[in-house]
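K.L.:
Build me a model from this:
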Amino acid sequence: MQQIFILLFFVLVSQVFAGDSQKLRIIFAGDLMGHLTQINAAQREAKGKGYNYKPVYKHLKPYISSADIAVINLEHTLAGPPYAGYPQFSSPDESIFAAQYAGFNVIATSNNHSLDRGKQGLERTLSVLDSVGLRHFGMYRDTVEKDSSYPLIIEKNGMKIAFLNYTYGTNELVEEAPNVVNRIDTALIAADIRRARLEFPDFIVAFMHWGPEYEIKESAAQRELAQFMAWKGVSLIVGSHPHVVQPYSKIFVPGSKDSVPVIYSLGNFFSNQRDRYRDGGIIFEINLEKTGNKTSIVSQSYLPFWVYRFDRNGNVFRLLPECKTAPGCEEYRMKPADKKAMDLFFSDTKRILPNLPRRTRF
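P.N.:
Numbering: from 1, shown residues only. The predicted structure follows:
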């Protein structure tokens with residue numbers, strides 16, 4: 001009888017400790033662009049009834065929507081008509097509605113196109129995001145709004161995650177008072193990290209819009225800033241803006257056994273850029289586990305995908321993952337030139353990220 005009680009005791013204790021363990025899966029995607037070709041394609045997909053971006057996400061939706069937190073960089077305004085592409089973007093609201101439909105629930109807004117349509121564009125973009133319940137961080141109507149909502153704190157699965165967001169600039173456009181767009185400034189970043197830590201988060205993410213465009217190697221300035229943030233207490237650094245995938249690395253923090261992961265650039269997400277390296281991107285995934293008061297990184301990986309543009313009485317788009325469990329080029333009777341470009345993107349990405357596990361299933 002005594003042995004039975006001892007066995008039951010250990011079973012109950014193990015269940016209690018197992019219950020203390022919480023898990024969280026976060027994914028990050030790069031630049032959601034708004035080129036005119038994309039706008040026209042969405043209009044074509046809608047068959048005369050507005051704009052429909054949802055088909056673009058057909059093959060990635062199961063993966064994106066399965067994440068607990070899914071973050072994307074919104075690199076166009078939702079300023080309303082007239083809609084326009086480069087150099088000053090304004091896309092239909094359906095663009096972000098489709099991203100939400102696909103599973104994205106957190107929007108980074110500080111980038112070099114934040115002010116493309118000035119004060120009206122900034123404020124309308126935020127209003128559209130608020131209207132559908134999308135959490136966002138990086139630009140604000142005024143300092144009162146920023147002070148009350150930044151750093152963005154998200155509590156999910158028993159964990160508290162703090163999100164920071166900064167851009168290198170806004171294409172020489174200056175926000176009208178009282179609007180705020182977060183700029184890269186080490187004094188500001190250090191103060192924001194201190195403020196984030198006062199919230200006692202389990203994990204701090206810095207989403208950075210930085211680095212030289214179209215360079216597949218990060219710059220010395222990116223490395224220096226990443227080290228600065230890591231040493232100040234950031235847990236993860238994710239980059240956008242170069243429009244190409246850049247390397248993954250780890251920064252070791254003096255006096256700590258932990259290291260801070262850095263993915264310098266996720267590349268494009270949905271874009272009309274077609275040159276080598278620019279015609280696709282990655283979704284970066286990180287899995288966290290919290291036991292007691294300790295939060296650990298359990299795993300990291302990436303899912304590469306290619307932006308397929310093809311003719312269906314005019315250009316339309318699909319995001320195609322390199323994945324054994326998702327449909328591929330056979331479904332679309334892909335032309336040899338397109339298949340070659342897609343395979344080249346996947347091989348290039350594998351070469352750029354040799355030290356990060358690659359997803360082939362979801």
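
K.L.:
element containing residue 323?
P.N.:
Under the criterion DSSP states H and E, no helix or strand holds residue 323.

K.L.:
can you count the residues close to it?
P.N.:
Other residues near residue 323 come to 19 when the count uses other C-beta atoms under 10 Å. Every C-beta, even on glycine, is put in place using the N, C-alpha and C of the backbone.

K.L.:
residues in contact with the closest residue to residue 180 other than its chain neighbours?
P.N.:
Spatial nearest neighbour of residue 180, excluding adjacent residues (C-beta to C-beta, 6 or more residues apart in numbering): residue 140 at 4.4 Å. Counting by C-beta atoms under 8 Å, 6 or more residues apart in numbering, residue 140 touches 126, 146, 149, 150, 179, 180.

K.L.:
List just the nearest of the residues you listed to residue 293.
P.N.:
Using C-beta to C-beta, residue 150 is the member of those that lies nearest residue 293, at 24.9 Å.

K.L.:
The nearest residue to that closest one once chain neighbours are set aside: how many residues sit nearby?
P.N.:
The spatially closest residue to residue 150, leaving aside those adjacent along the chain, is residue 137, at 6.2 Å (C-beta to C-beta, 6+ apart). By the criterion of other C-beta under 10 Å, residue 137 has 25 neighbours.

K.L.:
per-residue confidence at residue 137?
P.N.:
pLDDT for residue 137: 98.

K.L.:
Which is the succeeding secondary structure element to the helix or strand of the chain with the lowest mean pLDDT?
P.N.:
The weakest-scoring helix or strand in the chain, judged by mean pLDDT, DSSP states H and E, is helix 2-19 (a mean of 45). Downstream of helix 2-19, the next assigned helix or strand under DSSP H and E is strand 21-32.

K.L.:
Report the buried residues of the following helix or strand past that following strand.
P.N.:
Next helix or strand after strand 21-32 toward the C-terminus (DSSP H and E): helix 36-45. Within helix 36-45, the residues that count as buried by 16 or more other C-beta atoms under 10 Å are 37, 38, 39, 40, 41, 42, 43, 44, 45.

K.L.:
Distance-wise, check the closest residue to residue 23 other than its chain neighbours relative to residue 296.
P.N.:
Once flanking residues are discounted, residue 23 sits nearest to residue 289: 5.2 Å by C-beta to C-beta, 6+ apart. Distance, residue 289 to residue 296, using C-beta to C-beta, to the nearest Å: 5 Å.

K.L.:
ok so residue 355 is a helix residue?
P.N.:
No - if the criterion is DSSP: H, G, I helix; E, B strand; the rest coil, then residue 355 is coil and not within a helix.

K.L.:
who touches the closest residue to it other than its chain neighbours in this structure?
P.N.:
Distances taken as C-beta to C-beta, 6+ apart place residue 248 nearest to residue 355, at 6.0 Å, with adjacent residues excluded. Contact partners of residue 248, counting by C-beta under 8 Å, 6+ apart, are 261, 262, 263, 264, 302, 353, 355, 356.

K.L.:
and the residue nearest to residue 23, how many neighbours?
P.N.:
By other C-beta under 10 Å, 16 other residues sit near residue 289.

K.L.:
Centre of the chain to the stretch of helix or strand it belongs to, how far?
P.N.:
Element membership of residue 289, judged by DSSP H and E, is strand 280-291. Offset of strand 280-291 from its chain centre (C-alpha atoms, centre = their mean, to the nearest Å): 10 Å.

K.L.:
quick one: average pLDDT of it?
P.N.:
98.
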